[in-house]
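Trainee: For reference, the sequence and a predicted model appear below.
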2 protein chains.
Amino acid sequence: MQINELQYRALLREELRAAQALMLKSHSNLPANVTQAFDCIINSGGKRLRPALVLLSAHLCHADLERALPLAAAVEMLHTATLIHDDLIDHALVRRGARTLNAQWPPSATVLAGDLAFAWAATLAARVQDLTMMDRFAATLETICYGELNQMFKGRGVIPTIEEYRQRIFAKTASLFALATEAGPLLAGSPQAEIENLRRFGKLLGMAFQIADDVLDFMGDEATLGKPVGSDLRQGLITLPLLYYLEEHPADQRIQALAQTPPDEAHLQALIADLRSSHVAARAMSTAEGYIHEALDILQPYPPGPYRAALEEIAVFTTRRRY
Amino acid sequence: MQINELQYRALLREELRAAQALMLKSHSNLPANVTQAFDCIINSGGKRLRPALVLLSAHLCHADLERALPLAAAVEMLHTATLIHDDLIDHALVRRGARTLNAQWPPSATVLAGDLAFAWAATLAARVQDLTMMDRFAATLETICYGELNQMFKGRGVIPTIEEYRQRIFAKTASLFALATEAGPLLAGSPQAEIENLRRFGKLLGMAFQIADDVLDFMGDEATLGKPVGSDLRQGLITLPLLYYLEEHPADQRIQALAQTPPDEAHLQALIADLRSSHVAARAMSTAEGYIHEALDILQPYPPGPYRAALEEIAVFTTRRRY
């Protein structure tokens, strides 16, 4: 399945374009090369899942689109800001098939560029003109940063429990998905139970999305991924499929070793081959599919229609994607 | 004059303590060494000018203190976040007499710590529960980041005009002072003209404060400053006294050379000695005093009282401080 065949992209084409236009505005005061670099990052796009989730949940709950649009842009800009700093921290040189900012600029400029993207995200979020939304937005940014710092100070060198892994991917990915899908009912003034339900939908989707991402790290291929295979392994990041591998091969010392010191290229390739020929990818994907089934149940009470269908399509796509 | 003799500290003691308590809350989920490092930064304090300005402008305009307090904490936390990233970028090892985060942690952890401080600032700002304030807060963060990026991409290697210098110090310092002093009338629902007047008061104060800072860089002494003398010169940063020096010594090639390549220690010390024995420090301080006179005029229409007196005291202190 190609991303441009996804129904939600067609359904939301104009709105996603409007959200992108909001993201692109206002770099007029910056030097030309900085503006160009930002435009390039914003236009490179990616899947635009997060703004799509904001817009779809808004449609589902009949929220005001005029307020959902700046939030969609804010959520994607926040995601972009975290990627700029993540790529700097991970020394990633390629993202979405293009050179990262840190591959082009000194670290100091990349730090500031990420900060500016955070500032734009906050400005866009403020434009929603909703106090609860602003509060949720700030809390999500806090969760994401907590997660990253915790991972850095506790995570490396230590094998996490499955519960710690879950907390990590909630902070890293699912918290922003949850913000995106609670936005609709929140802006529509829906009952608290509905806000919590759609928040849970986003959380489950985000958890599944991150597990699929962790599997693709060694199962995907570089051309489709737009980034090198084995990036997580090179960083010594212990993800769910590796935890499953360790459960099934308790005598294999390589996972523990990986957590301490990333392996050299030959050992890495051997480990990737062993992971690929094991059942751990399938097992992790089945965990992800469990989340997706639970997420789809949450949509059941909603009357059928294009927006519910698009949310279902995104949910199903999450565990089937190859990039 | 010692900072602890300043009247505003006594007047605001309880409120500044309450603002600090808000800043310290909520690191419970972080590893102990991270919590400790943050507590240490927050407790090291500094002059607390920005939260004091928020609180004084709130008192002056009879704004709700319950909303001014989280904003005071938010403004100081935003300032702290920018310092964490600035020190990383400038490789500064000491601030307020204590080791900076980047002197203790790897760059990646310092980037994330700054991001988390931004997130806390946003959470505190959201707690003010005022949409206009949130908008102004996000816009100020944007101005600060724009200024830093512009400085990095345009500023170094090029001698700025005095107007460019003014724009830079507005973005870097005065924009946050302006936010702090417009907070009072904004939260009090004062007329637009009053909001703009007190915003201008903060801007003038901030401009004067930064000029004094730029002068202290070569006129101050290390023990009182809490950081090395000549830091700006080492970074090749061309500030107002250097622009005045260049005006008065157009044949002296050292300023242009400094902008391109920071000088070695012997040349640096010679330049500092020449700057000290010239009139440029006095001339720059007289520019700063001009701003302060204008700022004091803005306070004239307010009835005399402890809060107006404290604002006047801060204004006068700005150009007399030695640290």
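Mentor: In hand now; what should we look at? Computed from a predicted model, the values in this text were never measured in an experiment. Residues are numbered from 1 along each chain as shown, chains lettered A, B, ... in the order given.

Trainee: And the closest residue to chain B within the stretch 151-300 of chain A, how far from residue B:274?
Mentor: Closest residue of the stretch 151-300 of chain A to chain B, Cβ to the nearest Cβ: residue A:153 (4.3 Å). Quick note: C-beta positions are derived from backbone N, CA and C, even for glycine. Going from residue A:153 to residue B:274 by Cβ to Cβ, to the nearest Å gives 47 Å.

Trainee: just residue A:222 next, same as before
Mentor: The spacing between residue A:222 and residue B:274, counted by Cβ to Cβ, is 58 Å.

Trainee: now stretch A:14-22: how far from the chain's centre is it?
Mentor: 19 Å (Cα atoms, centre = their mean, to the nearest Å).

Trainee: nope, stretch A:198-216 is what I meant
Mentor: The answer for stretch A:198-216 is 8 Å, by Cα atoms, centre = their mean.

Trainee: Ok, stretch A:37-51 next?
Mentor: In terms of Cα atoms, centre = their mean, the centre of stretch A:37-51 is set 13 Å apart from its chain centre.

Trainee: tell me which residues of that stretch are tucked away?
Mentor: For stretch A:37-51, a neighbour-count test (16 or more other Cβ atoms under 10 Å in any protein chain shown) marks A:37, A:38, A:41, A:42, A:46, A:47, A:48, A:49, A:50, A:51 as buried.

Trainee: Report the two of those residues separated the most.
Mentor: Farthest pair in the buried residues of stretch A:37-51 (Cβ to Cβ) is A:37 and A:49. Separation: 23.2 Å.

Trainee: On the three-state scheme, the nearest residue to residue A:54 once chain neighbours are set aside is what?
Mentor: Distances taken as Cβ to Cβ, 6 or more residues apart in numbering or on different chains place residue A:72 nearest to residue A:54, at 4.1 Å, with adjacent residues excluded. Assigned by DSSP: H, G, I helix; E, B strand; the rest coil, the conformation of residue A:72 is helix.

Trainee: Same check on residue A:76?
Mentor: Criterion first, three-state DSSP; result for residue A:76: helix.

Trainee: Surely it and residue A:52 touch.
Mentor: No - contact between residue A:76 and residue A:52 fails when scored by Cβ atoms under 8 Å: they sit 9.4 Å apart.

Trainee: So if I had to pick from these two, which one is more boxed in?
Mentor: Regarding residue A:76 and residue A:52, a neighbour count based on other Cβ atoms under 10 Å in any protein chain shown identifies residue A:76 as having more, with 28 against 24.

Trainee: what's the nearest residue to the more buried one if we skip its chain neighbours?
Mentor: residue A:51 (4.6 Å).

Trainee: now swap in residue A:137 and tell me
Mentor: residue A:125 (4.4 Å).

Trainee: which residue lies farthest from the center of chain A?
Mentor: Most distant from the centre of chain A: residue A:251, at 33.2 Å, with distances by Cα atoms, centre = their mean.

Trainee: Would you confirm that it belongs to a strand?
Mentor: No - per three-state DSSP, residue A:251 lies outside any strand segment and is coil.
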